[in-house]
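Trainee: how does the following fold in three dimensions:
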Amino acid sequence: MNRTQGPLRRAADRLFPDGTNQYGALPAALVLLTVVTGVVDAVSYLGLDHVFVANMTGNVVFLGFALAGAANLSAGASLLAIATFMAGAWATGRLARRVADPGRLFTTATGAHAALAAAALAVALVAGHRSDGARTALTALLAVGMGMQNAVVLRLAVPDFTTTVLTRAVTGVAADPPGPATTRRLVSLAAMLTGALCGTVLQLGPGSGAALVPVVALLVFVAVATASGQSGGTSRR
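Mentor: Below is the predicted model:
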């Protein structure tokens with residue numbers, strides 16, 4: 001276990017107390033990816049034609065609104081986000097056929113996601129987000145990365161950490177008795193809220209380029225931190 005992964009593993013053990021953590025450092029890593037989701041959806045909704053690059057439920061609803069003639073919504077932008085998200089998920093599915101170890105799959109997919117986010121950061125710094133071409137490129141790059149993230153998280157199936165969909169987390173907090181699962185769900189909600197707040201402040205202030213810097217940094221950190229645990233530290237034991 002490297003120095004970077006150690007704190008993640010200790011945090012993960014607190015999320016699954018009493019020796020119940022079967023997932024190594026993954027739960028804590030997924031909390032950081034939930035922060036990433038909040039940031040990128042703030043960037044995409046506020047800066048890219050009111051679409052989400054992570055929340056596909058929202059895009060399907062927005063598509064219906066746009067087709068019905070609602071103002072300030074773009075059917076084309078919603079379709080682009082959905083299609084490129086699916087492309088990222090498809091690519092991860094193909095990768096999973098070649099990479100059997102879940103820890104290695106997670107690290108590889110997160111590294112690829114970091115590269116896509118870095119490309120989006122370069123676009124934002126060079127071209128901004130106001131031209132049609134820049135918005136299209138940013139939407140596609142970010143949505144492909146989020147599709148990859150969601151596909152690998154779906155395969156890992158760590159309880160209470162989907163990194164994107166929080167409807168079940170909110171339902172569980174209200175419906176289930178308090179316990180470790182409640183803590184995990186509240187941590188997920190707090191992580192998403194933190195990401196959305198930080199992303200909004202940066203998007204409305206310095207702009208998309210500044211908002212994407214922490215996204216790239218978090219993705220690189222998670223990829224590096226989990227790399228040494230591919231044989232056991234980030235996979236089920």
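Trainee: so which residues of the chain form helices?
Mentor: Per DSSP state H, the chain has helices spanning 5-15, 26-47, 56-67, 75-98, 102-127, 132-156, 167-175, 180-204, 208-227. These are given in chain order.
Trainee: possible to save these as TSV with mean neighbour count and mean pLDDT?
Mentor: Backbone N, C-alpha and C define where each C-beta goes, glycine included. Output for the helices of the chain, formatted as TSV (neighbours: other CB atoms under 10 Å; pLDDT from 0 to 100):
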stretch	mean neighbour count	mean pLDDT
helix 5-15	18	88
helix 26-47	25	96
helix 56-67	17	95
helix 75-98	18	96
helix 102-127	21	96
helix 132-156	23	96
helix 167-175	13	94
helix 180-204	19	96
helix 208-227	22	95
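Trainee: ok, the residue nearest to the spatial centre of the chain to L48 distance?
Mentor: Most central in the chain under CA atoms, centre = their mean is T37, positioned 3.9 Å from the mean C-alpha point. Look at T37 and L48: by CB to CB, to the nearest Å, they are 15 Å apart.
Trainee: what of A29?
Mentor: With distances taken as CB to CB, A29 is found 26 Å from L48.
Trainee: and for T92?
Mentor: T92 sits 22 Å away from L48, going by CB to CB.
Trainee: same deal with A223?
Mentor: Relative to L48, A223 is positioned 25 Å away (CB to CB).
Trainee: and if you look at L8?
Mentor: If you measure L8 against L48 using CB to CB, the figure is 31 Å.
Trainee: now do T200
Mentor: Applying CB to CB, one obtains 14 Å for the distance of T200 from L48.
Trainee: with G38 instead?
Mentor: Summarising the geometry, the distance separating G38 from L48, computed by CB to CB, is 15 Å.
Trainee: also T182?
Mentor: 34 Å.
Trainee: which ones are touching the nearest residue to L15 once chain neighbours are set aside?
Mentor: Setting aside the residues directly before and after it, L15 is nearest to P27 in space (CB to CB, 6 or more residues apart in numbering), at 4.7 Å. When the contact criterion is CB atoms under 8 Å, 6 or more residues apart in numbering, the partners of P27 are 11-12, 15-16, 21, 158, 161, 184.
Trainee: and which of the residues you listed is nearest S74?
Mentor: Checking these against S74 by CB to CB gives F161 as the nearest, at 31.4 Å.
Trainee: what's the closest one in contact with, if anything?
Mentor: 26-27, 30-31, 34, 153, 184, 188.
Trainee: hmm, what's the outermost residue in the protein?
Mentor: The outermost residue of the chain, judged by C-alpha distance from the chain's mean C-alpha position using CA atoms, centre = their mean, is G69 at 30.1 Å.
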